[in-house]
Structures are given as structure tokens and as C-alpha cells.
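[1] I need the structure of the sequence given here:
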Amino acid sequence: MKLGDGHYITSNGRHVAVSEWMEGTVAVLDTSGCVVKRVEGLHMPSGVLLLEDNKLVACCRTEGVVHGQDHIKLEDFSIRDAAENNGTYFLAAVDCILLCDMSMRPLGCIPLSAYTVHHSGEALYSISSNVVTAYALNSTSPSATVAVPHASGMASRHGKLFVCCRRNGIVLLDISNPTTPVVQGSLSMPDDMDIRDITFINNTAFMRTSNRVVTRLYSDLMQ
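    Okay, the predicted model is just below:
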């Protein structure tokens with residue numbers, strides 16, 4: 001599945017979406033890797049969300065967020081990534097994590113820079129400067145931090161947080177206690193595989209590299 005350069009990947013349980021920042025597009029793929037559509041004309045798209053109804057949320061740095069058919073300017077924020085839980089968006093920005101409602105109206109912020117965010121449904125996780133930070137539900141104060149060198153993107157599965165570390169494989173954090181992640185181990189990857197982000201559909205992992213999406217069965221990934 002060769003694609004344009006990018007860092008981020010997401011899924012909604014049926015499709016996968018990846019940003020191609022130099023091309024200004026987001027590609028939506030089916031589980032076999034075929035591109036089913038491309039959203040074009042975006043400003044440096046980075047993080048993406050694919051909602052249940054296939055509505056796309058694309059983070060466009062200083063140009064704000066494309067939310068379905070709406071282009072929402074968020075003045076003074078450079079939006080890098082997005083997560084959603086129970087009707088609240090969490091937008092990773094240069095200077096903070098911005099909280100918004102489903103219409104992208106700001107609700108508040110977490111005063112910590114982040115370049116990627118993930119919500120497990122039980123806790124929010126962010127990455128900045130090689131540190132993973134955990135936040136309890138409805139809290140804007142960190143509950144724990146874990147140093148993870150080269151940390152890039154992440155996703156949760158079966159009580160584990162999979163943290164992609166570029167050419168250094170994947171670090172596993174035990175999040176059985178969601179607000180207190182603990183390093184559990186690591187998964188090796190081929191030396192030439194630059195793993196930037198990860199998402200899951202059923203028992204398959206979809207991993208974003210510089211210009212591809214690589215798939216692995218969960219059972220094979222864990223070996």
C-alpha cells in the first residue's frame with residue numbers, strides 16, 4: 001500500500017485513514033489496502049480521525065480543522081492531531097491540548113504541548129518530547145508520565161498501549177491501570193521499517209511508515 005509521506009493513521013473499525021501531508025490529501029482505505037477515496041485540497045494535513053459515519057476530521061496545522069464539510073479556523077493554534085471520547089474532541093496543538101465539543105467549539109485546554117493524542121475510552125494519552133503522559137477522565141492534570149525514546153504515534157489494545165518508536169520498534173505500556181502506564185516490553189521490527197503510528201481493526205494492526213501502510217495480525221505482532 002504505497003502512499004504519500006505522512007505520520008498519522010486512524011480507523012473507525014471498518015476503514016483506515018492516513019494523511020499525505022505533502023500532497024495535501026487524506027486517503028481512506030479498506031481493510032485490504034485499497035484506496036476507496038481521497039479528500040484533497042487540505043493544508044498540510046497531519047492527524048486524522050475517522051468517525052463512525054465515515055465523517056473525516058483532519059488536522060491542518062495553522063489552518064485549523066476540517067470537520068466533515070466544515071473548515072473550522074482555530075485562531076492562534078497549530079493543530080497536529082485529534083482524539084475523541086464521549087462527545088469531546090482533544091486537539092493536540094503546539095502549546096496545549098485543546099478540548100472542544102462536537103461542533104469544535106473550545107471547552108478548555110490542557111496546558112501541555114503535544115504532537116499526538118490517543119483516547120482509550122478510559123484515559124487520554126499524549127506524546128511530546130519522548131514522553132507519554134496520561135490523564136484521567138475529566139481531568140486536565142497529568143496523572144503519570146513515562147519516558148519513551150523516539151515515541152511517535154500510539155494506539156491501545158487489550159490493556160496495552162502500543163507506542164511506535166520509528167526505527168526502534170514498538171514499546172508496550174501496560175495500561176491495565178489506565179492512569180498509571182508502566183513499560184511492559186517492546187516489539188522488534190525490521191531495521192528498515194520506520195514505524196510512525198498504529199491503529200487496529202479487529203485482529204489486524206495497521207502501521208504507518210514513511211510512505212506505506214504495513215499490516216500485521218495481532219498474534220504475529222505479539223510474537
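
[2] and the end-to-end length of stretch 19-39?
    9 Å (Cα to Cα, to the nearest Å).

[3] Let me see the mean pLDDT of that stretch.
    Regarding stretch 19-39, the rounded mean pLDDT is 94.

[4] Tell me the buried residues in that stretch?
    19-21, 23-29, 39 (16 or more other Cβ atoms under 10 Å). Where you see a C-beta, it was placed from the backbone N, CA and C, and this is true even at glycine.

[5] and D220, that's in a strand?
    No - using DSSP: H, G, I helix; E, B strand; the rest coil, the assignment for D220 is helix, not a strand.

[6] what about it, distance to I195?
    15 Å (Cβ to Cβ, to the nearest Å).

[7] Same drill for these two, tell me which one is more crowded.
    I195 (25 against 11; other Cβ atoms under 10 Å).

[8] give the contact list for the closest residue to that one other than its chain neighbours.
    Spatial nearest neighbour of I195, chain neighbours left out: C164 (4.4 Å); criterion: Cβ to Cβ, 6 or more residues apart in numbering. Contacts for C164 (Cβ atoms under 8 Å, 6 or more residues apart in numbering) come out as 151-154, 170, 195-198, 207.

[9] ok now do Q223, which residues does it touch?
    Taking Cβ under 8 Å, 6+ apart, one finds nothing in contact with Q223.

[10] how about a cut-off of 10 Å?
    Q223 makes contact with 187, 216-217 under the criterion Cβ atoms under 10 Å, 6 or more residues apart in numbering.

[11] Residue ranges in this protein under the pLDDT threshold?
    1 (pLDDT under 70).

[12] rerun that using 90 as the cut-off
    The chain contains residues with pLDDT under 90 at 1-2, 51-55, 68-69, 74-76, 190-192, 210-211, 223.

[13] about what we covered before: ok, which pair from the buried residues of stretch 19-39 is furthest apart?
    The span of the buried residues of stretch 19-39, defined through Cβ to Cβ, is set by G24 and L29 at 17.7 Å.

[14] follow-up on the earlier one: mind giving me JSON lines with the buried residues of stretch 19-39 and columns for distance to I72?
    Shown next, in JSON lines, are the buried residues of stretch 19-39 (distance: Cβ to Cβ, whole Å):
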{"residue": "S19", "distance to I72": "17"}
{"residue": "E20", "distance to I72": "21"}
{"residue": "W21", "distance to I72": "19"}
{"residue": "E23", "distance to I72": "22"}
{"residue": "G24", "distance to I72": "17"}
{"residue": "T25", "distance to I72": "19"}
{"residue": "V26", "distance to I72": "16"}
{"residue": "A27", "distance to I72": "22"}
{"residue": "V28", "distance to I72": "20"}
{"residue": "L29", "distance to I72": "25"}
{"residue": "V39", "distance to I72": "15"}
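
[15] would you list these in JSON lines and tack on distance to H71 and secondary structure?
    What follows is the buried residues of stretch 19-39, written out as JSON lines (distance: Cβ to Cβ, whole Å; DSSP: H, G, I helix; E, B strand; the rest coil):
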{"residue": "S19", "distance to H71": "16", "secondary structure": "strand"}
{"residue": "E20", "distance to H71": "18", "secondary structure": "strand"}
{"residue": "W21", "distance to H71": "17", "secondary structure": "coil"}
{"residue": "E23", "distance to H71": "18", "secondary structure": "coil"}
{"residue": "G24", "distance to H71": "13", "secondary structure": "coil"}
{"residue": "T25", "distance to H71": "15", "secondary structure": "strand"}
{"residue": "V26", "distance to H71": "13", "secondary structure": "strand"}
{"residue": "A27", "distance to H71": "19", "secondary structure": "strand"}
{"residue": "V28", "distance to H71": "18", "secondary structure": "strand"}
{"residue": "L29", "distance to H71": "23", "secondary structure": "strand"}
{"residue": "V39", "distance to H71": "12", "secondary structure": "strand"}
